[in-house]
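Visitor: output the structure for:
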Amino acid sequence: MFYRAINIFILTIILSSCGNVEEKINNKNIAVVDIPKELNFNEHISEIIYTKCASCHRPGESGPFSLLSYKDVYRRKKTIVKVTHSGYMPPWPADRNYSSFVGELYLTDKEKLLIKNWVAQGAKEGPSTLKKSPPTFPSGSQLGKPDLVIKFPKAYKIEGNNKDHYVIMKVPYEIPEDKYVKVIEYVPGNRKRVHHVNGYLVVYNEGKKKNLNAGAFYVNNYETNPKEVWKKLDVLNDDGSFPVRIPSATNYLPGVIPPVYPDGIGGFMMKKKGHILLNDIHYGPTPKDELDASYFNVFFTDIAPERKFGEFQLGTYGLSKIEPALMIPPDSIKTFTSKYTVQNDISIVTINPHMHLLGKSFIAYALTPDGQNIPLIKIDKWDFRWQYFYTFKKMQVLPKGSTIYVKATFDNTKNNPHNPFNPPRWVGENEGSMSTKDEMLQFIVTYLDYKIGDENLVLGDK
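Guide: Residues are numbered from 1 along each chain as shown. Modelled structure (predicted):
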């Protein structure tokens with residue numbers, strides 16, 4: 001008994017020398033045995049900040065302040081502790097314990113404790129001999145030298161009224177010949193204000209469209225009828241029919257690198273004439289008028305896409321109905337469901353949950369014919385500002401007959417800080433409206449027809 005007590009005493013001393021033995025993060029007790037007792041920025045903190053935060057928190061980027069030096073971080077130290085411990089930053093809405101994706105942004109529990117304890121100890125800089133150089137970032141493209149650059153036809157004026165702006169915008173292009181495209185990279189002109197982008201490629205068959213520049217440059221996302229929007233932008237064929245649309249041809253969120261798939265997978269044909277149609281571009285609030293002149297880097301390939309992406313969606317505009325009908329009474333929190341059974345063996349590449357400002361939580365999973373439960377995505381705290389296209393690290397295979405289930409909850413109470421109405425009022429789908437003041441419930445699935453070995457094909461983050 002005496003020796004057992006001595007051993008416990010010695011173990012306690014060893015653990016104490018490493019710093020906190022146990023901490024609490026997000027109401028979860030975390031055992032920690034490898035946190036140094038004395039912390040400094042140069043040795044313990046700078047690498048965390050530079051690898052997890054600096055891509056957005058640097059001059060000209062979307063972050064509201066820079067974090068490229070000790071002085072920058074010291075000045076914001078209390079804010080950094082608060083937002084990292086709460087999970088607000090870095091922004092990654094999906095539950096990483098439920099499913100896993102390429103490019104996940106998060107801090108480990110150890111990293112959170114390192115930052116917290118460093119600040120509690122006085123946030124010392126540390127020896128200059130341990131100082132690390134801040135990262136350098138590519139200029140003009142995250143992927144390399146593009147084959148083609150398509151610029152906005154003119155700068156968009158962001159009105160300085162301290163409000164979010166949601167816009168549908170068209171950007172025309174013409175090229176000498178049809179080309180296969182591997183990826184289209186969106187590059188924001190005003191990184192402080194461009195928050196997220198989702199764009200189609202609209203292509204015209206020979207003789208279907210004469211004037212690409214007719215019609216409006218943009219319309220407000222509060223416009224209600226989709227076909228009227230297309231008419232105002234004048235992106236329909238000259239005979240009034242819809243042109244070919246390639247969905248999710250380009251997307252953007254701060255800090256997210258566009259996925260580049262293996263040769264022969266994905267990609268599409270860019271016809272000689274067309275538009276990049278940004279059917280959802282969000283500009284953050286600003287107190288004064290600002291301009292945005294964004295552009296697109298296009299990377300061509302000589303390799304024809306052997307396997308082309310398919311896409312379907314559940315819910316609004318989709319293949320499955322929403323139950324009950326998507327109408328949310330004022331002063332209520334209400335849950336809706338939708339389900340769809342796949343007709344063939346498929347390999348899911350990317351998924352995109354979508355709701356508007358009343359969204360509260362979202363979960364999607366699949367049940368196979370033999371009863372296997374396949375988790376797809378779970379978002380406990382929906383935030384309209386962070387709408388990712390989530391790419392699986394390895395394709396998620398669903399056999400024929402598997403049913404995808406979606407369950408989404410909406411908060412139409414005054415306690416929802418994003419509620420566009422005060423007092424709350426009835427909100428729901430509104431005759432195809434894309435307005436953020438109306439609601440949507442969508443689950444967009446990008447997939448390939450299954451091929452043996454898909455479950456082992458790595459798409460990113462090996």
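Visitor: can you spell out the domain ranges of this structure, please?
Guide: Each domain of the chain is listed here as a residue range: 2-130, 148-301, 310-456, per automatic domain parsing.
Visitor: how far does the longest one sit from its chain's centre?
Guide: Averaged C-alpha coordinates place domain 148-301 at 17 Å from its chain's average position (C-alpha atoms, centre = their mean, to the nearest Å).
Visitor: could you pull out the helices for the stretch 51-200 of the chain?
Guide: In the stretch 51-200 of the chain, the helices defined using DSSP state H, counting those that start in this stretch lie at 70-75, 77-86, 109-120.
Visitor: centre-most residue in this protein?
Guide: residue 388 (2.1 Å; C-alpha atoms, centre = their mean).
Visitor: what's the closest non-adjacent residue to it?
Guide: The shortest distance from residue 388 to any non-neighbouring residue, by C-beta to C-beta, 6 or more residues apart in numbering, is to residue 253 (6.0 Å). For glycine as for every other residue, the C-beta is placed from the backbone atoms N, C-alpha and C.
Visitor: was I right to think that neighbour contacts residue 386?
Guide: Yes. At 7.0 Å, residue 253 and residue 386 qualify as touching, with contact defined as C-beta atoms under 8 Å.
Visitor: what do those two both touch?
Guide: Any residue near both residue 253 and residue 386 by C-beta atoms under 8 Å, 6 or more residues apart in numbering counts here, and that gives residue 196.
Visitor: higher neighbour count, the two?
Guide: Set side by side, residue 253 and residue 386 show more neighbours around residue 253, with 22 against 17, by other C-beta atoms under 10 Å.
Visitor: name the nearest residue to residue 438, sequence neighbours excluded.
Guide: residue 430 (4.2 Å).
Visitor: how many other residues sit next to that neighbour?
Guide: Count around residue 430 with other C-beta under 10 Å applied: 16.
Visitor: for the one 5 residues further on, same thing?
Guide: Residues lying near residue 435 (other C-beta under 10 Å) number 16.
Visitor: can you read off the pLDDT for the residue nearest to residue 438?
Guide: According to the prediction, residue 430 has pLDDT 79.
Visitor: isn't residue 412 right up against residue 418?
Guide: No. In terms of C-beta under 8 Å, residue 412 does not count as a neighbour of residue 418; the distance is 10.8 Å.
Visitor: which neighbours do the two have in common?
Guide: residue 358.
Visitor: higher neighbour count, these two?
Guide: residue 412 (25 against 16).
Visitor: which ones are touching that one?
Guide: 328, 329, 330, 331, 332, 333, 334, 358, 419, 424, 427.
Visitor: of those, select the buried ones using a PyMOL command.
Guide: Filtering these down to the buried ones (16 or more other C-beta atoms under 10 Å) takes a single PyMOL command:
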select buried, resi 328+333+334+358+419+424+427
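Visitor: which one of the contacts of residue 412 sits closest to residue 442?
Guide: residue 358 (14.0 Å; C-beta to C-beta).
Visitor: how near is the residue nearest to residue 438 to residue 437?
Guide: 9 Å (C-beta to C-beta, to the nearest Å).
Visitor: ok so, going back, the residue nearest to residue 438: what secondary structure?
Guide: coil (DSSP: H, G, I helix; E, B strand; the rest coil).
Visitor: quick one, strands of the stretch 301-450 of the chain?
Guide: Assigned strands in the stretch 301-450 of the chain, in chain order: 310-315, 327-328, 332-341, 346-355, 359-367, 373-379, 390-398, 403-412, 427-428, 441-449 (criterion: DSSP state E, counting those that start in this stretch).
Visitor: contacting residues around stretch 204-215?
Guide: Stretch 204-215 is contacted by residues 153, 170, 172-174, 231-235, 237-239, 243-244, 271, 273-275 when judged by C-beta under 8 Å, 6+ apart.
Visitor: got it, and stretch 90-106?
Guide: Applying C-beta under 8 Å, 6+ apart, the external contacts of stretch 90-106 come out as 52-53, 84, 107, 255-257, 259, 375-383, 386, 388, 390-393, 459-461.
Visitor: can you give me the buried ones in that stretch?
Guide: Applying 16+ other C-beta under 10 Å to stretch 90-106 flags 90, 91, 92, 93, 94, 99, 101, 102, 103, 105 as buried.
Visitor: restricting to C-alpha, output that stretch in CSV.
Guide: Only the C-alpha atoms of stretch 90-106 are listed here, as CSV (Å, rounded to 0.1, in the frame of the first residue of the first chain):
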residue,chain,number,x,y,z
PRO,A,90,-12.0,28.0,-37.6
PRO,A,91,-15.4,27.6,-39.4
TRP,A,92,-16.3,24.0,-40.1
PRO,A,93,-20.0,23.4,-39.6
ALA,A,94,-20.0,19.6,-40.2
ASP,A,95,-19.6,17.2,-37.2
ARG,A,96,-16.2,15.5,-37.8
ASN,A,97,-17.2,12.6,-35.5
TYR,A,98,-20.1,11.8,-37.9
SER,A,99,-18.4,11.9,-41.3
SER,A,100,-15.1,13.1,-42.8
PHE,A,101,-14.3,15.3,-45.8
VAL,A,102,-11.4,16.9,-47.7
GLY,A,103,-10.0,20.1,-46.3
GLU,A,104,-11.5,20.1,-42.9
LEU,A,105,-10.8,23.2,-40.9
TYR,A,106,-10.5,22.6,-37.1
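Visitor: figure out how far it is from the centre of its chain.
Guide: With C-alpha atoms, centre = their mean, you get 10 Å for stretch 90-106.
Visitor: follow-up on the earlier one: now restrict the contacts of stretch 204-215 to buried residues only.
Guide: Buried positions within the contacts of stretch 204-215, assessed by neighbour count (16+ other C-beta under 10 Å), are 170, 172-173, 232-235, 243-244, 271, 273-275.
Visitor: among those residues, which lie within strands?
Guide: Judged by DSSP state E, strands contain the following of these: 170, 172, 173, 244, 273, 274, 275.
Visitor: OK, contacts around the last one?
Guide: For residue 275, the contact set (C-beta under 8 Å, 6+ apart) comprises 170, 171, 172, 173, 201, 202, 212, 235.
Visitor: who does the third one form a beta bridge with?
Guide: On the basis of DSSP bridges, residue 172 takes part in beta bridges with residue 275.
Visitor: and residue 240, how far is that from residue 231?
Guide: 9 Å.
Visitor: ok, now residue 70?
Guide: Taken as C-beta to C-beta, the span from residue 70 to residue 231 is 55 Å.
Visitor: what about stretch 335-350, average pLDDT?
Guide: On average, stretch 335-350 scores 97.
Visitor: give me the buried positions along that stretch.
Guide: For stretch 335-350, the neighbour count (16+ other C-beta under 10 Å) marks 336, 337, 338, 339, 340, 342, 345, 346, 347, 348, 349, 350 as buried.
Visitor: which one of the buried ones among the contacts of stretch 204-215 is nearest residue 443?
Guide: The closest of the buried ones among the contacts of stretch 204-215 to residue 443 turns out to be residue 244 (C-beta to C-beta; 23.7 Å).
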